[in-house]
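Trainee: Pasting the sequence and the predicted coordinates here, then a few questions.
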Amino acid sequence: MKATAQHPFDLGFAVDGNSLLVGGLPLARLAERAGQTPFYAYDRALLDARAAQLRAALPADIHLHYAVKANPMPAVVQHMAGLVDGFDVASVGEMKTVLDTPMPPAKVSFAGPGKTEKELRQAAAAGIVVNLESEREMEVLAKAGAELGVVPKVAVRVNPDFELKSSGMKMGGGPKQFGVDAERVPALLARMKALNLAFHGFHIFSGSQNLRAEAIMEAQEKTFELARRLAPHAPGPTRLLNLGGGFGIPYFPGEAPFDLAGVGEHLAGLMPAARRDFPDAEFVIELGRYFVGEAGIYVARVIDRKISRGQVFLVVDGGLHHHLSASGNFGQVIRKNYPVLVGNRVVPDAEAAGPASVVGPLCTPLDILADKMELGHASEGDLIVVLQSGAYGLSASPTAFLGHPAPVEMLV
């Protein structure tokens with residue numbers, strides 16, 4: 001369904017009989033399949049379509065990696081294993097999930113500051129690539145490899161000397177807990193030459209959730225330049241160059257979709273020189289939210305329709321404990337509404353339309369999923385849908401808060 005006056009977003013999902021279709025199923029039927037509300041549902045056809053869009057737009061020799069932290073649901077990860085060339089994990093828990101898929105361990109990388117000795121030993125034993133975030137990690141991993149009788153695979157996560165402009169979350173540039181400062185990397189690489197480690201390359205991730213294609217283009221140019229400066233110090237050829245990702249998705253009215261075609265064309269122009277300078281390298285784009293964010297919904301049922309001093313409140317059986325991001329409490333400075341609709345009555349009758357706020361059952365005024373949106377036609381029993389919920393939803397939420405039941409997750 002395309003954008004309308006009621007819904008300023010392209011919903012991404014089909015609508016039939018005024019009901020949202022997810023995985024080809026009407027929403028009410030999907031709720032019956034789930035056996036309860038609230039629930040999350042992820043549409044595998046939309047995951048497939050996004051992968052196809054990326055393959056068509058990006059240069060053929062770009063390897064696509066899925067950042068599991070965006071959505072670590074095992075069924076989603078299993079499905080993504082057939083769509084991408086590798087996985088990037090941020091914990092041993094995520095590592096265990098991806099090792100249950102057909103993805104070869106050598107195509108899995110592990111990033112994150114503060115890896116413990118136990119985690120580094122597990123990663124070395126598994127044969128995945130460890131993105132080193134400090135000199136300490138390098139020494140501990142080399143010791144673990146010697147004790148285990150393996151040669152750990154490593155890349156250096158670099159904290160670049162530039163930022164991704166307009167990034168929703170800056171992961172590099174300036175003082176950061178992530179990676180090794182670019183100016184310290186030559187000394188680390190010199191020390192690595194004395195250790196029994198298999199150098200693979202560099203991981204240079206400067207930011208996420210960026211809708212400005214020109215900022216991504218500039219960051220990619222600077223990433224190649226930085227890698228060229230660092231590569232001569234390495235103990236071997238660069239076999240892996242993770243360019244990061246940062247591709248954003250629109251959440252709020254007025255935000256335009258990311259210009260994937262423009263970024264693909266620009267990257268294609270950079271690749272001939274990159275192939276010349278790094279003839280042995282796999283070039284990786286690492287994406288999480290961009291893969292899964294628009295393929296998922298969160299659904300809660302209206303249990304009470306209240307009017308307080310003229311304002312309509314739709315009290316639902318879910319809330320911030322399931323979907324912290326949609327509540328605005330996951331990094332928003334000024335709260336803005338995610339796209340929200342009545343999923344079983346997508347387009348309201350004109351006479352029934354009007355503003356309403358969707359709130360959860362928690363005893364806190366922070367438990368808001370929609371504030372004064374055109375949802376006033378909803379009644380008790382209707383299904384409220386939060387779009388753009390495929391990434392940083394359930395796993396990024398305080399599910400234990402106030403002891404309410406957990407939602408179901410489904411891949412359909």
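Mentor: Nice, I can see it. Numbering: from 1, shown residues only.
Trainee: how far away is Gln354 from Ile128?
Mentor: Slight slip there: residue 354 is Gly, not Gln. According to Cβ to Cβ, to the nearest Å, Gly354 stands 53 Å off from Ile128. For the C-beta atoms, the positions are set from N, CA and C on the backbone; glycine is no exception.
Trainee: Looking at the two, which is more packed in?
Mentor: Ile128 (26 against 12; other Cβ atoms under 10 Å).
Trainee: ok, now which ones touch the nearest residue to the more buried one once chain neighbours are set aside?
Mentor: If the residues on either side of it in the chain are set aside, Ile128 comes closest to Val108, at 4.2 Å by Cβ to Cβ, 6 or more residues apart in numbering. With contacts defined as Cβ atoms under 8 Å, 6 or more residues apart in numbering, Val108 is in contact with Gly86, Phe87, Asp88, Val89, Met95, Val98, Leu99, Ala126, Ile128, Val129.
Trainee: what are the bridge partners for Val108, then?
Mentor: Bridge pairing for Val108 (DSSP bridges) gives the partners Phe87.
Trainee: any idea where the helices of the stretch 1-150 of the chain begin and end?
Mentor: Listed in chain order, the helices found in the stretch 1-150 of the chain under DSSP state H, counting those that start in this stretch are 27-34, 44-57, 74-81, 92-99, 117-126, 135-148.
Trainee: For Val68, find the nearest of those.
Mentor: The minimum distance between Val68 and those falls on helix 92-99, with 4.6 Å, by Cβ to Cβ.
Trainee: Give me the pLDDT value at the residue nearest to Ile128.
Mentor: pLDDT recorded at Val108 is 98.
Trainee: So which bits of the lengthiest strand in the chain are buried?
Mentor: For the chain, the strand reaching the highest residue count under DSSP state E is reported as strand 296-308. Applying a neighbour-count criterion of 16 or more other Cβ atoms under 10 Å, the buried positions in strand 296-308 are Gly296, Ile297, Tyr298, Val299, Ala300, Arg301, Val302, Arg305.
Trainee: now for the helix or strand just after it, which elements pack on it?
Mentor: Once the chain leaves strand 296-308, the next helix or strand it forms, by DSSP states H and E, is strand 311-316. Packing partners of strand 311-316 (3 or more Cβ pairs under 8 Å, 6 or more residues apart in numbering; DSSP states H and E): strand 296-308, strand 356-359.
Trainee: and the last one, which strands flank it?
Mentor: I take that to be strand 356-359. In its sheet, strand 356-359 lies beside strand 311-316 (parallel), strand 368-373 (antiparallel), with partners assigned from DSSP bridges.
Trainee: just checking, what packs against the next helix or strand after the first one?
Mentor: Using DSSP H and E, the helix or strand that follows strand 311-316 towards the C-terminus is helix 324-327. Packed against helix 324-327 by the contact rule (3+ Cβ pairs under 8 Å, 6+ apart) you find strand 368-373.
Trainee: Alpha carbons only: can I get the strand it packs on in PDB?
Mentor: Once side chains and other backbone atoms are set aside, the C-alpha atoms of strand 368-373 remain, and they are given as PDB (Å, rounded to 0.1, in the frame of the first residue of the first chain):
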ATOM      1  CA  ILE A 368       3.500   5.300  24.800                       C
ATOM      2  CA  LEU A 369       3.600   3.700  21.400                       C
ATOM      3  CA  ALA A 370       1.800   6.500  19.500                       C
ATOM      4  CA  ASP A 371       1.000  10.000  20.600                       C
ATOM      5  CA  LYS A 372      -2.100  11.800  19.100                       C
ATOM      6  CA  MET A 373      -2.100   9.900  15.800                       C
END
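Trainee: buried set for it?
Mentor: For strand 368-373, using 16+ other Cβ under 10 Å, the buried residues are Ile368, Leu369, Ala370, Met373.
Trainee: and those residues, which two are the farthest apart?
Mentor: Applying Cβ to Cβ across the buried residues of strand 368-373, the maximum distance is between Ile368 and Met373, 10.6 Å.
Trainee: so what sits against both of the two?
Mentor: With contacts defined as Cβ under 8 Å, 6+ apart, the residues adjacent to both Ile368 and Met373 are Ser357, Val358.
Trainee: quick one on the thing from earlier: can you give the strand pairings for the longest strand of the chain, parallel or anti for each?
Mentor: In its sheet, strand 296-308 lies beside strand 39-42 (antiparallel), strand 311-316 (antiparallel), strand 383-386 (antiparallel), with partners assigned from DSSP bridges.
Trainee: and that strand, C-alpha only, in CSV?
Mentor: This file holds the C-alpha atoms of strand 296-308, laid out as CSV (Å, rounded to 0.1, in the frame of the first residue of the first chain):
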residue,chain,number,x,y,z
GLY,A,296,8.9,-6.5,10.7
ILE,A,297,5.8,-5.4,12.6
TYR,A,298,4.8,-5.4,16.2
VAL,A,299,1.1,-6.1,17.0
ALA,A,300,-0.8,-5.4,20.2
ARG,A,301,-4.5,-5.6,20.9
VAL,A,302,-6.7,-2.7,22.2
ILE,A,303,-8.0,-3.8,25.6
ASP,A,304,-9.6,-0.5,26.6
ARG,A,305,-10.7,2.7,24.9
LYS,A,306,-10.6,5.5,27.4
ILE,A,307,-11.4,9.2,27.1
SER,A,308,-9.6,11.5,29.6
